[in-house]
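Enquirer: Below are the sequence and a predicted model; questions follow.
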Amino acid sequence: MYRVTFNFHVYPEEWRASITVVVRKLAKPDYSAPGVYCPIALLSTMKEMLSMCAMEDIIQMAKIHGLLPEIGCHPGRTMTD
């Protein structure tokens, strides 16, 4: 999947599609008021797996070529991780 996507520039149309479902919040007295609905996005997980693989490759290449400083900036070593 990874090789085909990047070597042959194939990215299925189904991976680009998303579905947004609108669900009412429970126990709201007036459903005509704004803010009583909750949008939920349904996405294809295949593109998420591809993104994770690409991210891992980019991180490994950055480490191999010394593009990250020795202090900080490494995955798992910052407060945001």
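Expert: Perfect, thanks for sending it.

Enquirer: rest of the way, CA atoms for contacts and neighbours
Expert: OK.

Enquirer: Could you look up the SS state of the residue of the chain most remote from its centre?
Expert: When distances are taken from the C-alpha mean of the chain, Pro29 lies farthest, 35.0 Å away, according to Cα atoms, centre = their mean. Of the three states, Pro29 takes coil under DSSP: H, G, I helix; E, B strand; the rest coil.

Enquirer: same thing with Met55?
Expert: Secondary structure for Met55, judged by three-state DSSP, is helix.

Enquirer: How many residues are close by it?
Expert: By the criterion of other Cα atoms under 10 Å, Met55 has 12 neighbours.

Enquirer: related to what we said a few turns ago, do you know the pLDDT at the residue farthest from the centre of the chain?
Expert: The model reports Pro29 with a pLDDT of 76.

Enquirer: any idea how far it lies from Val21?
Expert: Going from Pro29 to Val21 by Cα to Cα, to the nearest Å gives 21 Å.

Enquirer: try Met55
Expert: Distance, Met55 to Val21, by Cα to Cα: 29 Å.

Enquirer: pLDDT value on the residue positioned nearest the centre of the chain, please?
Expert: For the chain, the residue sitting closest to the mean C-alpha position, by Cα atoms, centre = their mean, is Glu48 at 5.3 Å. pLDDT, Glu48: 85.

Enquirer: Also Thr78?
Expert: Looking at Thr78, the pLDDT reads 60.

Enquirer: Equivalent analysis for Val21, please.
Expert: Looking at Val21, its pLDDT stands at 91.
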